[in-house]
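*Asks:* Pasting a predicted model and its sequence here:
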Amino acid sequence: MWKYIKKYLFFAVMAGLFMIGEVMMDLFQPGIMNRIVDEGVLGIQSGSAGNLHVIWTLGTEMIILVLFGGFCGSMNNVFVHMSGQNIGNDMRKDCFRNIMTFSFRQIDRFGAGSLVTRVTNDITQVQNFVSQFVRGMIRTFLLMFGSIFFMFRLNHKFGLIVLCAFPFLVGCLGICLAKADRLFVKLQIQLDAVNAVMQEDVSGIRIIKACVRELYEKIRFSEKNNELTRTQLGVLVIFAFMNPAVNALMYLVVAVILLAGSYETGSGGATPGTIMAAITYTTQLLNGILGLVMLFQNISRGLVSWRRIREILTAEPELEDGAFDGRTSARGEIEFRDVSFAYPGSGQMVLDHINLSIRQGETIAVMGVTGCGKSTLVSLIPRFYDVTSGSVLVDGVDVREYRQTALRAKIASVLQKSELFSQTIAENILWGKPEASEEEVRAAAVTAQADEFISSAPKGYDTVVAERGMSLSGGQKQRISIARAVIKQAEILIFDDSTSALDLKTEARLYSALKTASPKSTKIIVVQRIATARRADRILVLNKGTIEGCGIHEELMRTCRTYRDIYDSQMGEERENHG
Ligand SMILES: Nc1ncnc2c1ncn2[C@@H]1O[C@H](COP(=O)(O)OP(=O)(O)OP(=O)(O)O)[C@@H](O)[C@H]1O
Ligand SMILES: [Mg+2]
């Protein structure tokens, strides 16, 4: 954490100095009060009645002290927040930057809910921790030790009384904090769980309604929430009992001082003013100790949160970046050399010894039953995952040797699940090529067969897409995603089942437009329909992670059983439709 504090050390030091000023003013006050009572009101020194002049001068002195103390307090607050807020801001940005480098696996491992809690709530806890540390540490310790010191100076006996009570107070604190610390860890984990359910349910609200799952989800959310509340209450109860316990101990001390004071006054060892000042010091000590409670509460909570933030900050990117900048003579060749792949954490091979080479400019259709590994196969090309064995080469170079940005600059992907962002349609398309002109955006949309519906919308390309593209139909979203990929003019185009929501005619128009618009790019298209696959140069048939056949339609009809099965089922469907 030092790395972050170091940057704003000046603010922290200034805050500390002003804090010292504030506390010193607090500590001087009882001494003056003592003199006002003894010299001014009772006139003990002069042996006569009160002295108005002394009251005036000491009173003015005290007001100046209070004002100066207040000023120091305000300045301390300003500097404390300047350090705390800036540190939080830096941490949030660093966390976000690191999350952006995470592999898909790392994102899955943390969970979106937990990442959100860490970047928001946990950082706030750390911010509080830093503020409290800068403010509270100096204040409480100065106040505690200062009041004990001044108490000794005032009267040794009173000092001893307070000192005897001190270990009991600290012991009481220690026990409570030890109990609370475990709960703080639990609290943050439960907060993760609440956020995770919240996130999943809000983004999936349509499915919840479609499946009439509202009640179940309400119960699931309530359970997580109740767990959180129980822990929260546990913490509050501990502190609810601790505060009065500390208070009671302190008032016991006050009572003992009064008792000792009555003997002392009798023997001339103390004056009423001294007793008054002693009681004020005792309350200051109490304040110091209560501050310590708050401080340790914040520190232990902050440290728990800091450990969680550190997990994000220190997580190494799992996909190590290569050094190759992607400048090759070849453009758009792909080769799978004996590639096997299992998803991290699962032992099951999803791809099994795949050997395949794809020429520049070739269009290859990938087919196979659901779950056979089509999406997995294409996700290895932009290196969304690393192969378990073998290698994937793009333009003759292993994808692991590329800088990831260089590799992905060569590839435009349309994922199976189209995701858009809550910006205008034009801005969404521009993601593919930020510097593109308006004409290019339109041309890409024309190729993707999206221009017609976009232009007929009242705001056209400036229509703002609702969050995650919820305001568009499935087919519309797919076509905008395709336009976003087409505009990039990349060497390799990957369509993962990206035209499934389009009718046959639109799909056919799209592929012929694509052929004209990007004739040189290598195209890998995962498709469901034989009619679409036949337009490709070659068709690859996957079966349980292995290549069962690769060639043109007629060839596959003769040699590949899975392909024939797909053909038969689709022809059967067509006959039924015509019949
Ligand atoms: N992130 C993941 N973690 C673990 N296993 C996964 C993951 N994604 C997919 N799988 C598994 O890998 C296998 C292949 O999945 P893949 O998505 O490649 O199939 P697909 O051929 O694209 O299917 P579909 O036609 O339904 O899109 C499936 O058995 C699936 O359960
Ligand atoms: Mg798939």
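*Replies:* Perfect, thanks for sending it. Ligands and ions are numbered 1, 2, ... in the order given.

*Asks:* what's next to stretch 206-224, contact-wise?
*Replies:* 190, 193-194, 197-198, 201, 470 (CB atoms under 8 Å, 6 or more residues apart in numbering). Quick note: C-beta positions are derived from backbone N, CA and C, even for glycine.

*Asks:* do that again at 10 Å, thanks
*Replies:* For stretch 206-224, contacts defined as CB atoms under 10 Å, 6 or more residues apart in numbering pick out 190-198, 200-202, 204-205, 229, 470.

*Asks:* what comes up buried for that stretch?
*Replies:* Neighbour counts using 16 or more other CB atoms under 10 Å place 208, 217, 221, 224 of stretch 206-224 among the buried residues.

*Asks:* I'd say F296 and L173 touch.
*Replies:* Yes - using CB atoms under 10 Å, F296 makes contact with L173 at a distance of 6.9 Å.

*Asks:* ok, so of the buried residues of stretch 206-224, who is nearest ligand 2?
*Replies:* Comparing the buried residues of stretch 206-224 against ligand 2 with CB to the ion places I208 closest, at 24.1 Å.

*Asks:* out of the contacts of stretch 206-224, what pair is the most spread apart?
*Replies:* T229 and M470 (31.8 Å; CB to CB).

*Asks:* about what we covered before: show me the buried residues of stretch 206-224 that map onto helices.
*Replies:* Judged by DSSP state H, helices contain the following of the buried residues of stretch 206-224: 208, 217, 221, 224.

*Asks:* Please dump the residues you listed into TSV; it should also carry pLDDT and distance to ligand 1 for every row.
*Replies:* TSV is the format used below for these (pLDDT from 0 to 100; distance: CB to the nearest ligand atom, whole Å):
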residue	pLDDT	distance to ligand 1
I208	89	23
E217	92	24
F221	95	25
K224	94	24
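
*Asks:* how about JSON lines for those residues, with distance to A436 added?
*Replies:* Below are these laid out as JSON lines (distance: CB to CB, whole Å):
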{"residue": "I208", "distance to A436": "38"}
{"residue": "E217", "distance to A436": "42"}
{"residue": "F221", "distance to A436": "43"}
{"residue": "K224", "distance to A436": "45"}
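
*Asks:* I'd like to know which residues of the protein are adjacent to ligand 2.
*Replies:* Contacts of the chain with ligand 2, taken as CB under 5 Å from the ion, map to 375, 416.

*Asks:* give the contact list for the most centrally placed residue in the chain.
*Replies:* With distances taken as CA atoms, centre = their mean, V119 lies nearest the centre of the chain, 2.9 Å away. Shown in contact with V119 (CB under 10 Å, 6+ apart): 91-96, 99, 309, 312.

*Asks:* Nearest to F68, out of the contacts of stretch 206-224: which one, please.
*Replies:* L191 (42.1 Å).

*Asks:* what's the domain layout of this protein?
*Replies:* Domain ranges of the chain: 2-314, 328-410+493-501+522-579, 412-489, per automatic domain parsing.

*Asks:* Quick one: mean pLDDT over the last one.
*Replies:* Spelled out, it's domain 412-489. The pLDDT scores in domain 412-489 average 90.

*Asks:* any idea how far it is from the chain center?
*Replies:* Offset of domain 412-489 from its chain centre (CA atoms, centre = their mean, to the nearest Å): 29 Å.

*Asks:* Likewise for the longest one?
*Replies:* With CA atoms, centre = their mean as the basis, domain 2-314 stands 26 Å off its chain's centre.

*Asks:* Quick one: name the residues of this protein near ligand 1.
*Replies:* When proximity is defined by CB under 6 Å from any ligand atom, the chain lies next to ligand 1 at 343, 346, 350, 368, 370-376, 416, 497.

*Asks:* Make a PyMOL selection of the buried ones in those residues.
*Replies:* Entered in PyMOL, the line below selects the buried ones among these, by 16+ other CB under 10 Å:
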select buried, resi 350+368+372+373+374+375+376+416+497
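
*Asks:* Columns distance to E491 and secondary structure on top of the residues of the chain next to ligand 1, output as TSV?
*Replies:* Listed next are the residues of the chain next to ligand 1 as TSV, based on distance: CB to CB, whole Å; DSSP: H, G, I helix; E, B strand; the rest coil:
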residue	distance to E491	secondary structure
Y343	27	coil
S346	32	coil
V350	26	strand
G368	25	coil
T370	29	coil
G371	29	coil
C372	27	coil
G373	24	coil
K374	21	helix
S375	21	helix
T376	22	helix
Q416	21	coil
D497	21	coil
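
*Asks:* Farthest pair within the residues of the chain next to ligand 1?
*Replies:* Maximum pairwise distance among the residues of the chain next to ligand 1 (CB to CB): 22.2 Å, between S346 and D497.

*Asks:* Can you give the contact residues for stretch 451-461?
*Replies:* For stretch 451-461, contacts defined as CB under 10 Å, 6+ apart pick out 424-430, 438, 441-446, 448, 450, 462-463, 472-473, 475-476, 479-480, 483, 506.

*Asks:* Going through the residues you listed, which ones are buried?
*Replies:* Buried residues within the contacts of stretch 451-461, defined by neighbour count using 16+ other CB under 10 Å: 424-430, 441-446, 448, 450, 472, 475-476, 479-480, 483, 506.

*Asks:* The residues you listed in strands, which ones?
*Replies:* With DSSP state E as the criterion, strands contain none of the buried ones among the contacts of stretch 451-461.

*Asks:* now, which of those residues lie within helices?
*Replies:* 425-430, 441-446, 475-476, 479-480, 483, 506.
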